[in-house]
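Engineer: Have a look at this prediction, sequence included:
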Amino acid sequence: MSVNPMVYEAQFFGFTPQTCMLRVYIAFQDYLFETMQVVDSVILKKLDAIPNCKISPSEIRKSTEKFLLFMKEHFEKLFGKMEEVLLQLVLNIPKNVLLPEDKVQEQYPYSKEQLQALQEEIQQLQQQYRAEAAAGQALRAELEEQKAVQAELEKILQWFDGLDNICREHGISNFKESFAFLTQNSKKLQELLKDVEVKSKKIQKHDQLL
């Protein structure tokens, strides 16, 4: 069998010429084997009809097997020549023939150098696209962080607005005075908490004594 891949022929026929020849080879082999089986059975029937025949069926089978081997050897030689002729003259597309789907290559021919340059340009564009996609993703992540920070700032501003309202209710309009007011109130709260803790401990001791 030929080792030439014959890719262009496969594009045109839809199968490789070597595959076609292999199937023809197998079909001939199968047909030859089936024919010899039929010949063997016919000879055996004819011998059964002959009275006092000294030829045994095993001898007939040995003879048909020898004949089958002889036919196979000659078939191999003939098939080799037939394959060579079919692959060169029938299943071969000449070098100067261009298939219809490849006409665009004739209109817009590209050299190997131009094709390589085009492939390199495509790779560069792909790299640029990946880099821009990564940058866009980083910007989106940064935007989400900014939104979170803005939300926290809005909460702080709302807290200051509430604080300003409380201070105004107590007659305090100055920012320093507001912090002083808060500091005094926090100290009072701390003293109250300490007083509550002391009283709580006294009550617990009293309960334990009882």
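Structural biologist: Thanks, I have the structure now.
Engineer: switch to C-alpha atoms for all contacts and neighbour counts from now on
Structural biologist: Fine.
Engineer: domains for this protein, by residue range?
Structural biologist: Taking the TED database as the domain assignment, the ranges for the chain are 7-107, 118-173, 174-209.
Engineer: can you redo the ones you listed as CSV with mean neighbour count and mean pLDDT?
Structural biologist: Converted to CSV, the domains of the chain look like this (neighbours: other CA atoms under 10 Å; pLDDT from 0 to 100):
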stretch, mean neighbour count, mean pLDDT
domain 7-107, 13, 83
domain 118-173, 12, 79
domain 174-209, 12, 64
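Engineer: Now do the helices in the protein.
Structural biologist: Per DSSP state H, the chain has helices spanning 7-13, 17-49, 57-85, 103-107, 112-169, 175-209. These are given in chain order.
Engineer: Now tabulate those in CSV and tack on distance to residue 96.
Structural biologist: Output for the helices of the chain, formatted as CSV (distance: least, CA to CA, whole Å):
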stretch, distance to residue 96
helix 7-13, 12
helix 17-49, 19
helix 57-85, 20
helix 103-107, 12
helix 112-169, 19
helix 175-209, 94
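Engineer: for those helices, which one sits closest to residue 95?
Structural biologist: Evaluated over the helices of the chain, closeness to residue 95 peaks at helix 7-13, with 9.8 Å, by CA to CA.
Engineer: Show residues contacting the closest one.
Structural biologist: Helix 7-13 has contacts (CA atoms under 8 Å, 6 or more residues apart in numbering) with 15-17, 91-93, 99.
Engineer: so how far is stretch 55-64 off the chain centroid?
Structural biologist: When C-alpha coordinates are averaged (CA atoms, centre = their mean, to the nearest Å), stretch 55-64 and its chain have centres 60 Å apart.
Engineer: ignore the last one, stretch 58-71
Structural biologist: Averaged over its C-alpha atoms, stretch 58-71 has a centre that lies 55 Å from its chain's centre (CA atoms, centre = their mean).
Engineer: Which residue lies nearest the spatial centre of this structure?
Structural biologist: Central residue check for the chain by CA atoms, centre = their mean: the C-alpha nearest the mean position is that of residue 126, 18.1 Å away.
Engineer: I'd like the distance between it and residue 119.
Structural biologist: To residue 119, residue 126 is 11 Å away according to CA to CA, to the nearest Å.
Engineer: And residue 142, by the same measure?
Structural biologist: According to CA to CA, residue 142 and residue 119 sit 35 Å apart.
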